[in-house]
Structure formats: C-alpha cells, structure tokens
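> attaching a predicted model along with its sequence, questions to come.
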Amino acid sequence: MNGLVEHRRRITLGILRVSIGLCLAMLLAGVVLFLVHGGAAQPANPGGSLPYILDAVLHRGGMLHAGAFLVAGLLVLLFTPVARLIAGVYVSARARDGVYVLIGLVVLGLVLVGMILGGG
C-alpha cells in the first residue's frame with residue numbers, strides 16, 4: 001500500500017510541475033508577443049463554450065496572437081485538476097480499487113460534461 005501512495009505522489013508532482021511549466025511558458029510567450037506587437041491592442045479573450053474557446057486559441061495561436069497564448073496558459077492551469085483526476089483513476093485502476101475508479105470516473109464525467117456544455 002505504501003508503494004501505491006508513493007506512486008500517486010510522484011504522478012501528482014509530475015503533473016503539477018509540467019502544468020506550471022507549460023502555463024508559465026504560455027503566459028510569458030503571450031506577454032512577449034503582446035510587447036513585440038507594440039502593446040497597443042488589448043488581447044482578445046474568447047468566451048463561450050470550451051470547444052469554441054479551444055478553436056479560437058488554436059486559430060489565433062497559429063497567427064501568433066498574444067491573447068491566444070495567454071488564454072492557452074490559463075487553460076493549462078484550469079486543466080491541471082482534470083489531469084490529476086485522470087491520474088488518480090489510473091493509479092486506482094492499477095491497484096484494482098474498483099470503488100475509487102468508479103467514483104473518479106463519475107466525477108471526471110461530470111466535470112467533462114460541465115466543461116463541454118457549460119459557458120454558453
């Protein structure tokens with residue numbers, strides 16, 4: 001059981017390190033692009049449902065729009081708990097702990113449905 005706790009801790013630590021690094025890199029890229037383009041225009045912040053926001057970030061990111069990188073950094077930060085939840089389900093499944101797998105999958109399903117359908 002102690003090995004399982006250590007494995008879960010290492011996965012969580014890795015997820016947090018990667019997400020904070022990606023978030024910081026995206027935010028810094030957005031600020032640099034904003035300043036390189038003169039800093040005159042306020043970066044646009046897309047609203048609406050998650051698929052619309054992701055589409056706007058991908059489209060504007062290809063054009064090196066500062067706002068796309070800023071929003072992408074925030075999305076990475078917002079998806080961090082979802083990644084942690086997925087990792088928890090994975091570790092629980094490897095430990096053959098069906099109750100925690102079921103609870104984790106239900107919570108993950110609710111979160112994903114809320115993210116996809118919400119924010120209209």
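Looks like it came in fine.

> packing partners for the longest helix belonging to the chain?
Identified as the longest helix of the chain according to DSSP state H is helix 2-36. Applying 3 or more C-beta pairs under 8 Å, 6 or more residues apart in numbering; DSSP states H and E, one finds that helix 2-36 makes contact with helix 66-94. Backbone N, C-alpha and C define where each C-beta goes, glycine included.

> starting at the chain centroid, how far to the helix it packs on?
Offset of helix 66-94 from its chain centre (C-alpha atoms, centre = their mean, to the nearest Å): 3 Å.

> what residues does the following helix or strand past it touch?
Downstream of helix 66-94, the first helix or strand assigned by DSSP states H and E is helix 98-117. Applying C-beta atoms under 8 Å, 6 or more residues apart in numbering, the contact partners of helix 98-117 are Ser49, Leu50, Pro51, Val82, Leu85, Ile86, Gly88, Val89, Ser92, Ala93.

> can you redo the residues you listed as TSV with pLDDT and neighbour count?
Listed next are the contacts of helix 98-117 as TSV, based on pLDDT from 0 to 100; neighbours: other C-beta atoms under 10 Å:
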residue	pLDDT	neighbour count
Ser49	70	14
Leu50	74	16
Pro51	74	12
Val82	90	15
Leu85	90	16
Ile86	91	16
Gly88	88	19
Val89	91	18
Ser92	87	20
Ala93	89	14
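
> I am finished for the moment; much appreciated.
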